[in-house]
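In: A predicted structure for the sequence below; I have some questions about it.
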Amino acid sequence: MAAFLPASSQVSVRDSSISMVLIVPSYGYQVPAGDMADRFGNNSNLGISFIFKNKKKWYISAEGNFIFGENIKEPNLYSNLTTEKGFIIGSDGLYADIRTFERGYYISASYGRLFPVKKPNPNCGFFVQAGAGFIQHKIAIQDKKNAVPALQDEYLKGYDRLTNGLMFKQMAGYWYTGNTRLINFFIALEVVEGFTQNRRDYNFSDMMEEDKGSRLDILLGGRVGWMMPLYKEAPDKFYTY
């Protein structure tokens, strides 16, 4: 007489390190250093990562991050437009309402390693990763009343300090993969180094010429993310007796 006994129908996340794909939205808060500290204050950062982790606990990641903030420190940005008292007069004869923001992004690919701890399963633990990519940032300028012709359309490029270049990124933190797919997250410290240059042909205001100098733009911060793991269930196995 023969009977069939099904084996476990799911990957054993509890008992062994498994391969998985993870989709990871995240939020970071960053403090600038290097040349970037002369232009911007602290910023926020929203990111999305796509990660593949193998059974040997190594992983690769493709990431995109959006930088945004409101603290602009660039000195003399409108020095050729302001009055002696520091105001900008619009074409309507009134004080202009000019607002500035930090905007930027970086994209990167990283390689990392997970170092498991015993609980709650072998897919949790501390991790380190390093990668490289491209970073860009600028000063976004908004003329609320559209009353300053010098801050419209193509003229904005003379003030926005568009900057980009090669970047490197390192991260270290804790990665939690739960025994179910419901609670999965990470928390980490992050360092970004951008080797950048101004990309505008001409800078108005204080320089009145092209900025050809190289920059070291650094971002230091913390990041938290919610991980959505995707992994296949193992096929049923049957045994006879």
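Out: Alright, I've got the coordinates. Numbers count the residues shown, from 1 in each chain.

In: The residue most central in space within the chain pairs with what?
Out: Nearest to the mean C-alpha position of the chain, counting by Cα atoms, centre = their mean, stands residue 65 at 2.9 Å. The partner list for residue 65 in beta bridges (DSSP bridges) reads residue 47, residue 106.

In: which residues does it contact?
Out: With contact set as Cβ atoms under 8 Å, 6 or more residues apart in numbering, residue 65 has these partners: 28, 45, 46, 47, 48, 105, 106, 107. Bear in mind the C-beta positions are built from the backbone N, C-alpha and C, glycine included.

In: List buried residues within those.
Out: 28, 45, 47, 105, 106 (16 or more other Cβ atoms under 10 Å).

In: ranges for the strands of the protein?
Out: When secondary structure is read from DSSP state E, the chain shows strands at 5-6, 20-34, 43-53, 58-69, 98-116, 125-143, 163-177, 184-198, 214-226, 228-230, 238-239.

In: how distant is the fifth one from the center of its chain?
Out: Relative to the centre of its chain, strand 98-116 is centred 2 Å away, using Cα atoms, centre = their mean, to the nearest Å.

In: For the chain, which residues score under the pLDDT cut-off?
Out: Counting by pLDDT under 70, the chain contains low-confidence residues at 1-12, 205-209, 232-241.

In: Next up, phi/psi of residue 148, please.
Out: phi -120, psi 100 (degrees, to the nearest 10).

In: What about it, how many residues nearby?
Out: Residue 148 has 20 neighbours, counted by other Cβ atoms under 10 Å.

In: ok, residue 140 - contacts?
Out: Residue 140 is in contact with 100, 101, 102, 103, 160, counting by Cβ under 8 Å, 6+ apart.

In: Can you tell me how far it is from residue 98?
Out: Here the distance between residue 140 and residue 98 works out to 11 Å (Cβ to Cβ, to the nearest Å).

In: Tabulate the strands of the chain in JSON lines, adding columns for distance to residue 153.
Out: Supplementary listing: these in JSON lines, determined by distance: least, Cβ to Cβ, whole Å:
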{"stretch": "strand 5-6", "distance to residue 153": "68"}
{"stretch": "strand 20-34", "distance to residue 153": "29"}
{"stretch": "strand 43-53", "distance to residue 153": "26"}
{"stretch": "strand 58-69", "distance to residue 153": "23"}
{"stretch": "strand 98-116", "distance to residue 153": "15"}
{"stretch": "strand 125-143", "distance to residue 153": "11"}
{"stretch": "strand 163-177", "distance to residue 153": "20"}
{"stretch": "strand 184-198", "distance to residue 153": "20"}
{"stretch": "strand 214-226", "distance to residue 153": "26"}
{"stretch": "strand 228-230", "distance to residue 153": "42"}
{"stretch": "strand 238-239", "distance to residue 153": "71"}
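
In: Is it correct that residue 61 is in contact with residue 51?
Out: Yes. Checked against Cβ atoms under 8 Å, the pair residue 61 and residue 51 is within contact range at 4.6 Å.

In: Overlap of the contact sets of those two?
Out: Common neighbours of residue 61 and residue 51, using Cβ under 8 Å, 6+ apart, do not exist here.
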